[in-house]
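K.L.:
this is the structure alone, sequence omitted:
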Ligand code: IPM
Ligand code: MG
């Protein structure tokens, strides 16, 4: 057996625990089939941690993540905590864990599954061949800049500051160039350099680093234009790199091209192999506890973990193949089913995929 990898599991809120359970089943199947070994440790995070421990990111959960090789996250949040003060919001825990674990790079692939093309709101001929990755800076910019309120001449004012230093830009841009190199060698850097100073530093840095990657074709796209081009010519994008808030918005837009947010995985990485893996979708409180959530995004997040953190390419491929096989056979959870009356539940979908994992 290969050395045992420590997996920190933070299932979180809403459908988080349901989808994470299926992903763990898939990991256990790869232990049998490929001889890998995993040790799972569970911790509280998000709304449930607020309820039980009075904070969204308890110290022991963070410590558990720090001593693990990778983190598997379900989802956090829900209406119950929406009106809480900032310190007692699940989202604050999410930003806190990204920062505390040094996860500055968020990778969100958006690829259109052929058999699910009809699920998108876009025309199939526009989507044809869409397979892109949004690389989002995750620990800087307006999310983490100073924020405060003050009394102004015309009443209360609120201030959010956006700060980027050149090192923060450089490390994420280099990573995006490296990823582009492993794919079709096209990189779109997205900014708002016609208005924002942080974007001007971003663009200067990208241009400087590009000289190290002459084999990668680079385009600079203003963020508003990018939002438009994503709908108009999605297939022409390969890797998109951008700052934190632009990446937040564009990755949701990119996800929707596929028509099936229940299918999309993501990775958050730092300097080394360690990473945090989670589905792009949220905690879906409206369907939580009903056993109908789509577990595929979380299962595919495991495939990403195998590839990016452990280099277990055989098992990653086996999982991706299993998902495709099950979808090609026509099995659907409610979110991606055309005929909702034939939809299957979370565990049924998980079981089908697990059974299809083979060498
Ligand atoms: C995401 C989410 C988070 C973000 C929220 C929940 C804080 O939208 O991961 O994209 O804005 O980063
Ligand atoms: Mg978001």
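P.N.:
Right, received. Where do you want to start? If you're wondering where the values come from, they're calculated on a predicted model, not measured in any experiment. Ligands and ions are numbered 1, 2, ... in the order given.

K.L.:
mind listing the helices for the stretch 101-250 of the chain?
P.N.:
Under the criterion DSSP state H, counting those that start in this stretch, the stretch 101-250 of the chain contains helices at 124-127, 166-182, 197-210, 223-232, 244-257.

K.L.:
now, of these, which is deepest in the fold?
P.N.:
When the helices of the stretch 101-250 of the chain are scored by mean count of other Cβ atoms under 10 Å, the highest mean neighbour count falls to helix 244-257 (a mean of 20). Heads up, the C-betas are built off the backbone N, CA and C, glycines and all.

K.L.:
which strand runs longest in this protein?
P.N.:
Longest among the strand segments of the chain by residue count, using DSSP state E, is strand 4-12.

K.L.:
does any part of that strand sit near ligand 1?
P.N.:
No: judged by Cβ under 6 Å from any ligand atom, strand 4-12 makes no contact with ligand 1; its nearest approach is 11.2 Å.

K.L.:
cool, stretch 262-275 as well?
P.N.:
No: Stretch 262-275 lies out of reach of ligand 1 by Cβ under 6 Å from any ligand atom, never closer than 7.9 Å.

K.L.:
can you give me the mean pLDDT across that stretch?
P.N.:
Stretch 262-275 carries an average pLDDT of 95.

K.L.:
and for stretch 207-217?
P.N.:
Per-residue scores along stretch 207-217 average to 98.

K.L.:
let the chain start at 432 from now.
P.N.:
With 432 as the first residue, the last one maps to stretch 638-648.

K.L.:
contact partners of that stretch?
P.N.:
For stretch 638-648, contacts defined as Cβ atoms under 8 Å, 6 or more residues apart in numbering pick out 601, 604-605, 608, 611-612, 616-618, 649.

K.L.:
mind checking the helices of the stretch 532-681 of the chain for the one nearest to ligand 1?
P.N.:
Among the helices of the stretch 532-681 of the chain, the nearest to ligand 1 by Cβ to the nearest ligand atom is helix 675-688 (4.4 Å).

K.L.:
now do that closest one: distance to the chain's middle.
P.N.:
Helix 675-688 sits 10 Å away from the centroid of its parent chain (Cα atoms, centre = their mean, to the nearest Å).

K.L.:
against which helices or strands is that helix packed?
P.N.:
Where contact means 3 or more Cβ pairs under 8 Å, 6 or more residues apart in numbering; DSSP states H and E, helix 675-688 is packed against strand 536-542, strand 562-568, strand 617-622, helix 654-663, strand 670-673.

K.L.:
ok, it near ligand 1 or not?
P.N.:
Yes: against ligand 1, helix 675-688 shows contacts by Cβ under 6 Å from any ligand atom at residue 679.

K.L.:
now do the closest residue to residue 695 other than its chain neighbours against ligand 1, distance only.
P.N.:
Spatial nearest neighbour of residue 695, excluding adjacent residues (Cβ to Cβ, 6 or more residues apart in numbering): residue 711 at 4.1 Å. Distance, residue 711 to ligand 1, by Cβ to the nearest ligand atom, to the nearest Å: 8 Å.

K.L.:
just checking, residue 711 touches residue 696?
P.N.:
Yes: applying Cβ atoms under 8 Å, one finds residue 711 in contact with residue 696, separated by 6.9 Å.

K.L.:
got any residues that touch both of those two?
P.N.:
Counting by Cβ under 8 Å, 6+ apart, the residues touching both residue 711 and residue 696 are residue 728.

K.L.:
deepest-packed of the helices and strands packed on helix 675-688, please.
P.N.:
strand 670-673 comes out most buried of the helices and strands packed on helix 675-688 by mean count of other Cβ under 10 Å, with a mean of 28.

K.L.:
what about residue 587, neighbour count?
P.N.:
8 (other Cβ atoms under 10 Å).

K.L.:
actually, residue 490.
P.N.:
9.

K.L.:
that one and ligand 1: what is the separation?
P.N.:
With the distance defined as Cβ to the nearest ligand atom, residue 490 ends up 21 Å from ligand 1.

K.L.:
pLDDT score assigned to that residue?
P.N.:
pLDDT, residue 490: 98.

K.L.:
residue contacts, it?
P.N.:
Residues near residue 490 by Cβ under 8 Å, 6+ apart: none.

K.L.:
residues making contact with stretch 445-454?
P.N.:
If you take Cβ under 8 Å, 6+ apart as the criterion, stretch 445-454 is touched by 440, 442, 477, 503-509, 710, 713-716, 718-720, 722, 724-726, 728-730, 732-733, 777-778, 780-781, 784-785.
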